[in-house]
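1. Generate coordinates for the sequence data below:
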Amino acid sequence: MKAAVYYANGGPEVFVFEEVADPVAGPGEVLIDVEAVSIEGGDTLNRLGGELTAMPHIVGYQAAGTISEVGEGVVGLVVGDRVVSTSTDGSHAERRVAGEAFCWKIPEGLSTEVAAAIPVAFGTAHDCLFEFGRLQAGEIVLVQAGASGVGIAAIQMAKRAGATVLATASSDERLERLEAFGLDHGINYVVDDFVEAVRDLTGGRGADVIVDSVGGPTLQKSLHALAYRGRCLTFGDAGRAGGLPLDISMLRGNNQSLTGYFLGAELFLGTRAHAMVAGIIDDVAAGELDVVIDRRFALADAAEAHAYIEDRLAFGRVLLIP
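-> You can find the predicted model right below:
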């Protein structure tokens, strides 16, 4: 099969499009003929500095397609099923293997491309808001990087739950586009200090729940934008700042909390998160939630697609098409 691979960490230019051996489905796994790859934020981070688990390495969490082989012990999936899958790597290829517990059937009428963009972004948004953020109707949510895949998902879900939704983005044009998804107040972080803006928009109160994918200095400032008993969820490092120290001293006096989140752990350790993602896929199929696909690139153009994301040009998800 063909795959976008690399032999060393680095920028998008490390990708090479070449022939590699087909993966084989082991016990509890399925082999998928990939039709669409959703490039996740973690994919770009892993390419930049993550572990190379094989040589050459095929990066990528999430892809959708049709099952061509099932391994021993698989009971809920059969050859010919359309599925969207997640795994620690292997998505940037014409075929990928995934465990049955990390696959979801695609409902009739839902496109494979749309399904490819759902589990990681929408599952992360849902758990950050509700399972760990304990969002209630009437509360105030701040979504950092509102134009990202997780951001667009979180805005829709928070609005649907009866929250007032604030979000940051790098331009007024991007913020205007987010209004269609339920954004109440947009903050252009290039022009305005978002902590001051949140305080002004909430009458000094702050946000009850903050969904932060940026990390670094932005995460530190997010803590200062929390309301009394506010909850901040951190799940990414899109700002590429690395493991900067955080001052959490202000949390104690205001009974606030900071929680780290990783969807993969929830999927690995139980069935709750799998059912949660399945419900979201059904909601998208029913038209209750929207998936935004910004651009499609050929799999051979993985380097260009990663560069496009890292230049912060995407609004929603970017796909690779084998």
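2. ok, now how distant is the nearest residue to T271 once chain neighbours are set aside from P27?
-> Spatial nearest neighbour of T271, excluding adjacent residues (Cβ to Cβ, 6 or more residues apart in numbering): A101 at 7.9 Å. Bear in mind the C-beta positions are built from the backbone N, C-alpha and C, glycine included. Separation of A101 from P27 (Cβ to Cβ, to the nearest Å): 12 Å.
3. One more: D311?
-> 42 Å.
4. so G230, which of the three states?
-> G230 carries the three-state label strand when classified by DSSP: H, G, I helix; E, B strand; the rest coil.
5. Give me the pLDDT value at it.
-> With respect to pLDDT, G230 has a value of 98.
6. got it, and G270?
-> With respect to pLDDT, G270 scores 88.
7. higher neighbour count, A101 and P27?
-> Set A101 next to P27 and count neighbours by other Cβ atoms under 10 Å: A101 wins out with 15 against 10.
8. Based on its surroundings, how many neighbours for the nearest residue to F262 once chain neighbours are set aside?
-> Distances taken as Cβ to Cβ, 6+ apart put F235 closest to F262, at 6.7 Å, once the chain neighbours are dropped. For F235, the count of nearby residues is 22 (other Cβ under 10 Å).
9. try I187
-> I187 has 25 neighbours, counted by other Cβ under 10 Å.
10. shouldn't it be in contact with A167?
-> Yes - at 7.0 Å, I187 counts as touching A167 under the criterion of Cβ atoms under 8 Å.
11. can you map out the helices along this protein?
-> In the chain, the helices defined using DSSP state H lie at 41-49, 112-116, 119-126, 149-160, 172-178, 194-201, 216-224, 249-253, 263-269, 272-285, 302-310.
12. can you put those helices in JSON lines and add distance to R82 and mean neighbour count?
-> Listed next are these as JSON lines, based on distance: least, Cβ to Cβ, whole Å; neighbours: other Cβ atoms under 10 Å:
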{"stretch": "helix 41-49", "distance to R82": "22", "mean neighbour count": "20"}
{"stretch": "helix 112-116", "distance to R82": "6", "mean neighbour count": "22"}
{"stretch": "helix 119-126", "distance to R82": "14", "mean neighbour count": "27"}
{"stretch": "helix 149-160", "distance to R82": "21", "mean neighbour count": "26"}
{"stretch": "helix 172-178", "distance to R82": "30", "mean neighbour count": "16"}
{"stretch": "helix 194-201", "distance to R82": "40", "mean neighbour count": "18"}
{"stretch": "helix 216-224", "distance to R82": "37", "mean neighbour count": "19"}
{"stretch": "helix 249-253", "distance to R82": "45", "mean neighbour count": "10"}
{"stretch": "helix 263-269", "distance to R82": "20", "mean neighbour count": "16"}
{"stretch": "helix 272-285", "distance to R82": "11", "mean neighbour count": "18"}
{"stretch": "helix 302-310", "distance to R82": "23", "mean neighbour count": "20"}
